[in-house]
Structure formats: C-alpha cells, structure tokens
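Novice: Kindly generate the corresponding structure for this input.
(3 chains)
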Amino acid sequence: MSKMLEPNELTKDILETPSLMTGKSPAKEWMDTPAEFRPGNWCYSAKTKATDALGAPNSRDWSPIDEDWKLPENWQEIISKGFRERLDKFRSFRLFMDICVRCGACADKCHFFLGSGDPKNMPVLRAELLRSVYRNDFTLAGKLLKKFAGARPLTMDVVKEWFLYFFQCTECRRCSVFCPYGIDTAEITMMARELLNLVGININWIMDPAANCTRTGNHLGIEPHTFKKVIETLVEDVEDITGIALNPSFNRKGAEILFITPSGDVFADPGVYTMMGYLMLFEHIGLDYTLSTYASEGGNFGLFNSNELMKKLNAKMYHEAERLGVKWILGGECGHMWRVINQYMDTMNGPADFLEEPVSPITGTKFENAKSTKMVHIMEFTADLIKNNKLKLDPSRNDHLNVTFHDSCNPARAMGILEEPRYVIQNVCNNFYEMPEETIRENTFCCGAGSGLNTEEIMDIRMRGALPRASALKYVEEKHDVNTLACVCAIDRATLLALTQYWAPDVEVAGVTEMVANALVMDGEKEVRDHDLRDEPYLGVED
Amino acid sequence: MELVNKLSEKKQEIVREWIRKTMEAYPAESLAVLNRNKNQFANPLSHTISENIDLLFEELLSEINPEKVAPILDKVIRIRAVQDMAPAKAISFVFDLKGVIRDALKDEIQEKKSFRELLTVEKRIDQMALLSFDIYVSCREKIYQIQANESKNQTHMLIRRVNEMDKQNEAR
Amino acid sequence: MKIINPLLIVLVLIALAYAGVNAMGMTLLFGVVIPIVAFIVFLLGFITKVLSWSKSPVPFRIPTTAGQGKSLPWIKQAKLDNPSSTAGVLGRMALEVLLFRSLFKNTKAELTEGGMLAYGSSKWLWLGGLVFHWSFLLILVRHLRLFLEPVPALITFLEAGDSMFQMAFLPAFYLTDAAILLAATYLFLRRVVSPQIKTLSLPADYFAILLIIAIATTGVLMRYYYRVDVVAIKDLIRGLVTFSFNVPEGIGVIFYIHLFLVSVLAIYFPFSKLMHLGGVFLSPTRNLANNSRAQRHINPWNPDIKFHTYEAYENEFREKMKAVGLPVEKE
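Specialist: The predicted structure is shown next:
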C-alpha cells in the first residue's frame, strides 16, 4: 500500500484506546481481561440510609470507583461460606454450576450482548464468571487441574467483575428458553447478587426502594396520608375527563377483594393512567374491593437482592389480606411482582388458608389455576369479564391508537400469561399489530432495565439492552404506523418510555387496563365523552 | 463521472469492506455471533449496520442531500452513541469509507483526472462526517434529557401534589 | 494453548498404553486393573455427583415457561412448553432429552434471512449434537454384545439396522461409526474455527471431545484395519465381568489403547461437564410443572423472616392516617 492510501492516522490513537469495545485482535482470554469502571457503566452503590434500615451486612459509605471497597477483612471466607450454603440450598445453583457444556446456544440470546457486543454479556460467559470460582473452591477437577478445568481463585478483581456483570443482567430468562439443559442465568445472577450482598455490595436503586417499601409500603416511601391524597387526585382527574365520580376505599375491613398493584401505577407518568383504568373498571362492574396503604406496593425489589428480602417484603400481602378479612387478592399489571406471586409467594408466605379460592363475583368463574395462592392476575380477571359480556365496550374509542404489545419477561417466561392480555387488547381496540415473532411471547426481548436496573445512571447500558426490543418496535411503527406500545408491567411503563424516547420518539407507552378504561362505556359518563384518560381527543374529535 | 461509475460497479466489494471495518469496533470473539445471524430482529445490531451502510453508499454517488442522509446516519450513530465508545470512535466509520474507497480504486485514482473526482467524493464523505457530529451530539443530549425526565416521571404525582399545595398556600 | 495441551494429553495417553502394553507387556494392568478401577471410579463418582445434586433441595418452583400457561378454560394452554401436570412435564422432558428441543428452537430465526444456513449456525449445532449423542448411545448398546452371552435379540437387531448399508466389504460397516466421527469432528472444529465458541471454550472442553474422537478412531481402526481377535477380547471382557481375570494372548495393542482411553473417559466423566448426562434430568427449569399458584410448593428450609407488621406501620403513622380518615386499629 502506498503512503497515500493510509487511513486517517490522526484518530488512530483515540480509536484504539483500551475499552471493552475495542478488540480488533481477539484480545486476551476473558479471564485475563479485568473489568473496567467507566462513567455510565456501573450502578450507584446503596446509601447507608437504606442498608441500615434493612439491616444489610457491611453497611457503609462506598463507591464502586473507589480503589478500596471497604469489604470486611474476611470477605473471601464470607463469600466462600455463602457459596457453599447456597449450593446446599438450591439444586438449580449446584446443577447449573456443573452441567454447562459451553455449546454457545445462549450466546446471541441476551439483549445486552446483542446491543453491546461485549462477550462477557453472553449468558454462558456471565455464568462462567461465577462458575470459574465454583470450580476452584468446590470441585476436585478444579482444585487439581486449575485453569485447564476453567478454575480461578476469588480475588477482588473477580468481585468487581461480578458487580459489573451481574448488575448488567435483567434476569429476563430469555437464554434459558434456548438452553438444552434449561440453565437459567436469572438463577445464577440471583445467587451472585446474594453473595455480593453478604459483603455489602449493593446498588442503591434496589436497596432504597426495598427499604422504603418495608417502612411505608411502597417504593417511593410515600406515607399513608399522601398515598390516599394522590389516589384522590386521580379520582378527580377521572371525573374531569369522564364525568364519573369514583369512590375507592382504603384499608377497609370486610371488602371482598384486596387490590394490589405496583406503586408506579399510583405515582408515575404514564402508570397513573393505568391506575385510573383499574378504578374505572372496578366501578363499572361494581366490585367490592379495597386498596391498602400498608401493602401499597405490588413490586418486590427483594427479588433482585436476596430470597430473604423478597420474603420479607412479600409477607405484607397475605398479612394485610388476613387483617382486612378479604376473600382473595387481585393483582395489577406488573412483571416481576407476578414472578414473585407465581413462583415464590405461596411457598414463602403461604398457605393462605384464611382466604378463599378465588371466584369472580361478577361472572362466577372459579380461578382454578390460582386456588392455592388465592391471587388473580388482572388480565385473567378482565379477560373473563369480557368473555362473559360483562363490560360495555366501545373499541372505536381507541381508534386513535395503533397498538402493539410488549410481553414483559416475567409474565412471559416465569408465568406464561400470553393470551389473556392479547384477548383483552383485541376487545378494546381495533388496531392491534404484533411485533415479529422472534421478539414476542416466550421469545420476548427485555426492556433493558428489569431486575432493579431501571436507574438513570446506567442509561447507556439500558439503551444498548433496549436495542432488540426497539428495532422490533421500530419495524411495526414503520409498517403499521404503530403509535402505542402496550404492556402489563409497571416497570415497563417507566423503562419503555425511555426506550421509545430514544429509539422511537413517536410511540407512547400504555397499560392494557388504561386502554380498557378508554373503551368502557360507563353509566353516568359525560354526554359527550370525547377524550381519553390522557386528555387526548378521540379520533375525529377536534381539540 | 467515471469514478462514480467505477464506485457503482464495485459497490458490493466496497460496501462489504466498509461493513467489515465498521464491525471491527466490536471484539472479535463477539463478531462471530454477531455476523452469524443477520436476522433483523434477532440481531438488530448487525442488521442495522449492514442495511444502512449500504444505503449510505448509495447516497454517496450523488450530491449529498442532508434530509435524506441524516436519517440513515442516525440509525447507525444512534446505536454507537450508547455503546461506550469515544465520540471519535462512534463516528469513525464514516471516515473509514475513505480508506476503503482508496483501497478499492487504487489503480483508478493514480490517474490525475480521477483524482479530482475522488476529491469530490471525499468532500461528500466529509459532509456526512459533519452531519454525524450533529447526530451524535443530539443522541447524547437525548440521553441526558431522558435521564432528567425519568425521575420527573417517576415522581409525577408527588410533584403535582407539591405544586397544588403551593397554589393552595398562595391562595390563602 | 488451550487446544494444544488437551491434544498433547490425549497423545500421551495413547503413547502410554502403547508403551505399556507393547514394550513392557503390562497387559494385566491395561487389560484388567485400570478398566476395573475406572469402572469403580465412574460408578461411585457418578452416583456421588447425582446424590450431591439431589441432596440440594428445590426450594422454589421455577420452570421456564415457554408458552401459554394453564389459565381460564377457554384459553388454549401450551401443554408441553408450559406444563401444569406430570404428563406435560414428562412430555417436555422426553422431547428435551431425546430430541434436544430447546436447542432446536434456536434455529427458527436464522432461517428467515435468505433461507440459507450459515456455517456454525445453531441448526448445525442441534443436528451435530443429536447425531453425536444418538450414535454414542447406539454404539454403547452395541458393545453390550461383548458382555452378554447369549447376545440379546435387541442388540442383534440394532446391529442389523446400523449396518444396513453393508456393501461388498466385510465386516459390516456401521453407520454410527461414521456418524459419531463426523459429528464429533464437527463439534470439535466449531470450537476451533469460531472465535466466539473458542472464547468460551475451556481446555477441558477440547479434552473431552478429543478423547472421544480418539476412542472412536481407535475403535474404527480396530474394526476395519488392524483386525483384532474378537474371541479373545470377548474372553477378556467376560473375565472382567465374572471376576476371573485371565488375559488372553495376542489381542493386539490397538485394543488396549482403545480400552485405556475408555477407562480415562470413565474416570474423567464424573468430575466434568460430561455429567450433563445425569444433570439434564434434574434441571428445575424443565422438570417442574408450572402449577405453583394452584398447588403449594414446599421449601424445606423456608426461613423465618421478621417482616414489618401492620401494627408497627400503624404505630408510626397513626395520627397521619386518622387525619385523612384512614381507618385504624387502635384509636
């Protein structure tokens, strides 16, 4: 090549500064590439206010970019002991440490990998971060053969790497669908986070909501009087828009049903419209229900920290249901809340023998699939209402919306609630378009910020992780003029909003029940009800 | 126009090389996976880059129309703007095209008259590069904006309540 | 390095057996002692590993649901992908173990682009894996003829099927011999050629596959090139089974190499990822029904956790609650 043909050498230096993203040459072995902390690639550490309140181990002020993480002197021993304990307590953990054959089927299934190209985001390598230490400390082959068998000792570098990458997994379980042995990275991430927690390595976005939730009942730490006032403000909004006066009750003993939903629906935009939707729906069918200020959080950030914290937060639901003497519990739209209810609640805090097997008071339908937990999903409940013609619906009121549906990870892959929301959507709106099949149902792509990662300091990571979901969305936006991304998850209503703002700015995010309420033709509504809950005019109405 | 014709002729080769260079930003061990599956939805990164680089090259063959070129550039830069790269690296792929073209048309541009044409083409690349700066910065601004909005959205009702209480206090 | 070392180890193992038998005449060691030790290690190791897994309880019901769950009666359930009954779980497991169904799911997306399959695509992985495991199993079953007298009809039947493409040459040519060599070579090569698979591969991964390739190769060589005295081999093996250890003369060194490599594999097996053979049956994301809302799943170590009770909550907020008319337990 002649001199003239040399590519721009000026930038060469900048272009090749070390970063996880540079790597023209198949760099070093992954084990020899230490984790690097840069602005925007790590979550803020938990503040002592939260960790003190929760009694979390090694509560202290620290930051991941500090050289010294101020771990207890015997941190290796603590983690090692915790490791053994968890191997003995969770078959999933022990098995998943042993049987991976590194076939690579999972490699391109992770949204973080697909959006970043960082090899340590391949699920198999994420798990190897932990497995390598397991082999070193707990297996004969690892002890004897060391690196040959993929073993490495637990060092501070390894811990820092764990922190970066196990808080870069949203526990979405997509990889586990494709693994021939069902190895679930969510399980591995949960164990890793428990181990980190033992020595006081936490993130604020998980610990702070958990601490708030413990004391006040919800993530934001809103006290009961304010909680009530906020709901009353929403009631006023509903009256302004529809002319209907609602009268929800709080902490009412003797109500038939206790309704619990994530507090995001109560406080956050656009979750509030879904909250208004619930209240309108219940009014429409004359449901005998109450809200609780004590159990005012469906979400459970304990799930993202440790099984103990999850249990502690979840216990409030049954406790409150028992105190109020309701027959059963109805749960709102939420992803991880439903993972907890479906796979953990009854086991952890049941049996709920003070409740009755749930029966819809409107249709008489018995919810056989929930006869032990006694908790019904709002989509099951609403689908049953629609099937039995109990709702007066005018889907044309949603004609200004071209809707697509995002399956949230947990309802899809830790529960299997796929048809109910679709059935509801198709009955309340006329324009529904599915995203491509490799991105929905059990193949759904994460919003990029689940499992307690919906914190703003890692917005870049979140946006990378959102890329696969966004490109499917962009596709239906271009093809079908989709302007509404519906979901049944309160975290999604926050995180998908960031996603659309960056990747598809003309698409709004909505809850399914919000659209139900838009379509509801209610007794006593304004003669001309021509605006939706967001005060947007219906199609054909001049504003 | 001769050079443009040549470019057109060698499009496939040039585009392929340009994509390869652009993808070099990602670690080699990831590339195998990223390159193996070009499905638009299962692997949007490779797909978006390949598709839009192809489109960009088409645009290079005539005068740059910023309104047409910007949305194409946007698709690629929007991804790279959140991929933990220095700004220079995020838009370096535009400059890479110069090297790719010089390599591909090595023989042609030894001749003087093609050289002038080359300068025209390179000027277009520079225009793309300038557009890229703007797009990169707007992507970053968007991120900051989203960060600020998010906490506002999360406490939407509380902010409303505080505002209402302020109003009530004022009224008193 | 991570490929060279395992390769060297396999070559050294072959050399060891060759030297041991040919130069030093240690047929008793390689023909009797090592195989017996290997068998014992394998058996004990395998059982210990499976026991260690089953000793850890399954505290939570965590199936990966890959389809519609059981819900209202008019909603169609995906009974195999989201089973709610034992029958469904058995179906899911059977498809998983016998046909590698989850691995197969990988392929759907890849077929759309131009309908072409790329080298290293997951479909090849599925096919390679399936062929490899099935031929391994069939070859293992075929080997039972060396242990059993008379040879069961099933084995004879299998052999007939396996050699259905028998042509002019003798002895019967087994399809599985070719299949396992092809599939294993593919599985090895993808770990070498694809930088991504190479990154996540450990030396141990290369060792396992190279060892198996060496075993298959020596087996094939023994059968088609260096003819060995099958009757003598059968005597030796019958001797092992009946604990009358006599080492017949003139078996041929290739057999001892084959047997030694098999012994190494057996010893290595329980301590390696090869235990996925046993583990696949125990995976809680696959072998549990998604019915934890209908039937309580018990966690044997369910911890006692103190939570923030309503009483404590009301004690903190009672006045504020009363002020906005929220009902309280204690005035």
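
Novice: shouldn't residue C:106 be in contact with residue A:178?
Specialist: Yes: between residue C:106 and residue A:178 there is a contact at 5.3 Å, judged by Cβ atoms under 8 Å. C-beta: built from backbone N, CA, C; applies to glycine.

Novice: Residues that sit against both of the two, list them.
Specialist: Shared contacts of residue C:106 and residue A:178, defined by Cβ atoms under 8 Å, 6 or more residues apart in numbering or on different chains, comprise residue A:105.

Novice: ok, then the element right after the lowest-mean-pLDDT helix or strand in chain B?
Specialist: The helix or strand of chain B with the poorest confidence is helix B:28-36; it has a mean of 77 (mean pLDDT, DSSP states H and E). Using DSSP states H and E, the helix or strand that directly follows helix B:28-36 along the chain is helix B:44-60.

Novice: Go ahead and measure how far that following helix is from the middle of the chain.
Specialist: A distance of 9 Å separates the centroid of the chain from that of helix B:44-60, by Cα atoms, centre = their mean, to the nearest Å.

Novice: For it, buried residues please.
Specialist: Buried residues in helix B:44-60, defined by neighbour count with 16 or more other Cβ atoms under 10 Å in any protein chain shown: B:44-57, B:59-60.

Novice: before we move on, back to that, what angle do the least confident helix or strand of chain B and helix B:44-60 make?
Specialist: 70 degrees (axes from the mean of the first three to the mean of the last three Cα atoms, to 10 degrees).

Novice: Which positions in helix B:28-36 come out as buried?
Specialist: Neighbour-count burial for helix B:28-36, with 16+ other Cβ under 10 Å as criterion, is recorded at B:28-36.

Novice: the helices in chain B, which residues?
Specialist: Using DSSP state H, the helices of chain B run over residues B:2-9, B:11-23, B:28-36, B:44-60, B:66-80, B:87-104, B:112-154, B:156-171.

Novice: wait, does the last one contact chain A?
Specialist: Which is helix B:156-171. Yes: using Cβ under 8 Å from any Cβ of the partner chain, we find that helix B:156-171 touches chain A at B:156-158, B:160-161, B:164.

Novice: Could you identify which of those residues has the most neighbours?
Specialist: residue B:157 (25 neighbours; other Cβ atoms under 10 Å in any protein chain shown).

Novice: just checking, that residue touches residue A:265?
Specialist: No: look at residue B:157 against residue A:265 with Cβ under 8 Å: they stay out of range, at 10.2 Å.

Novice: Identify the contacts common to these two.
Specialist: Shared contacts of residue B:157 and residue A:265, counting by Cβ under 8 Å, 6+ apart, come down to residue A:272.

Novice: re earlier: can you list the helices of chain B in a markdown table and add distance to residue C:147?
Specialist: Formatted as a markdown table, these follow (distance: least, Cβ to Cβ, whole Å):
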| stretch | distance to residue C:147 |
| --- | --- |
| helix B:2-9 | 69 |
| helix B:11-23 | 55 |
| helix B:28-36 | 44 |
| helix B:44-60 | 52 |
| helix B:66-80 | 60 |
| helix B:87-104 | 64 |
| helix B:112-154 | 68 |
| helix B:156-171 | 74 |
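
Novice: Would you single out the least confident of these?
Specialist: Here the lowest mean pLDDT among these goes to helix B:28-36, at a mean of 77.

Novice: And the residue of chain A that's closest to chain C?
Specialist: residue A:416 (2.9 Å; Cβ to the nearest Cβ).

Novice: residues in contact with that residue?
Specialist: Residue A:416 touches C:65-69, C:78, C:82, C:290, counting by Cβ under 8 Å, 6+ apart.

Novice: again, only this time at 6 Å
Specialist: C:65, C:68-69, C:82 (Cβ atoms under 6 Å, 6 or more residues apart in numbering or on different chains).

Novice: so what's residue A:35 scoring on pLDDT?
Specialist: pLDDT, residue A:35: 86.

Novice: Same check on residue A:508?
Specialist: 97.

Novice: Find the nearest non-adjacent residue to it, please.
Specialist: Closest residue to residue A:508 apart from its sequence neighbours, by Cβ to Cβ, 6 or more residues apart in numbering or on different chains: residue A:484 at 5.4 Å.

Novice: In chain A, which residue is most central in space?
Specialist: residue A:450 (3.8 Å; Cα atoms, centre = their mean).

Novice: and that residue, what element?
Specialist: Using DSSP H and E, residue A:450 falls outside every helix and strand.

Novice: ok, now which ones touch the closest residue to it other than its chain neighbours?
Specialist: With Cβ to Cβ, 6+ apart as the measure, residue A:170 is the residue that lies nearest to residue A:450, at 3.8 Å, once sequence neighbours are left out. With contact set as Cβ under 6 Å, 6+ apart, residue A:170 has these partners: A:446, A:450-451, A:453.

Novice: let's see it at 7 Å
Specialist: A:446, A:448-451, A:453, A:465 (Cβ atoms under 7 Å, 6 or more residues apart in numbering or on different chains).

Novice: now do residue A:267
Specialist: By Cβ under 7 Å, 6+ apart, the neighbours of residue A:267 are A:220, A:222, A:230, B:154-158.

Novice: Next: residue C:270.
Specialist: Residue C:270 neighbours (Cβ under 7 Å, 6+ apart): C:42, C:45-46, C:49.

Novice: Let's see that with 6 Å instead.
Specialist: C:45-46, C:49.

Novice: Would you mind listing what in the stretch 401-543 of chain A touches chain C?
Specialist: A:413, A:415-416, A:418-419, A:438, A:442 (Cβ under 6 Å from any Cβ of the partner chain).

Novice: Around residue B:144, how many other residues sit close by?
Specialist: As a burial measure, residue B:144 scores 11 neighbours (other Cβ under 10 Å).

Novice: residue in the stretch 1-150 of chain C nearest to chain A?
Specialist: residue C:69 (2.9 Å).

Novice: which residues touch stretch A:467-483?
Specialist: By Cβ under 6 Å, 6+ apart, stretch A:467-483 touches A:111, A:114-115, A:402, A:404, A:433, A:435-436, A:439, A:445, A:499, A:503-504, A:507, B:41, B:44.

Novice: Closest one to chain A out of the buried residues of helix B:44-60, please.
Specialist: Nearest member of the buried residues of helix B:44-60 to chain A, counting by Cβ to the nearest Cβ, is residue B:44, at 3.6 Å.

Novice: So in chain C, where's the weakest helix or strand by average pLDDT?
Specialist: helix C:107-110 (a mean of 49).

Novice: In CSV, list the C-alpha atoms belonging to stretch C:47-60.
Specialist: This file holds the C-alpha atoms of stretch C:47-60, laid out as CSV (Å, rounded to 0.1, in the frame of the first residue of the first chain):
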residue,chain,number,x,y,z
ILE,C,47,-23.6,-41.8,42.0
THR,C,48,-21.9,-39.3,44.3
LYS,C,49,-22.5,-36.5,41.9
VAL,C,50,-26.1,-37.3,41.3
LEU,C,51,-26.6,-37.6,45.1
SER,C,52,-24.9,-34.3,45.7
TRP,C,53,-27.4,-32.7,43.3
SER,C,54,-30.4,-34.5,44.8
LYS,C,55,-29.3,-33.6,48.3
SER,C,56,-29.8,-29.9,47.5
PRO,C,57,-33.5,-29.3,47.6
VAL,C,58,-35.6,-27.4,45.1
PRO,C,59,-36.8,-24.6,47.3
PHE,C,60,-38.9,-22.9,44.6
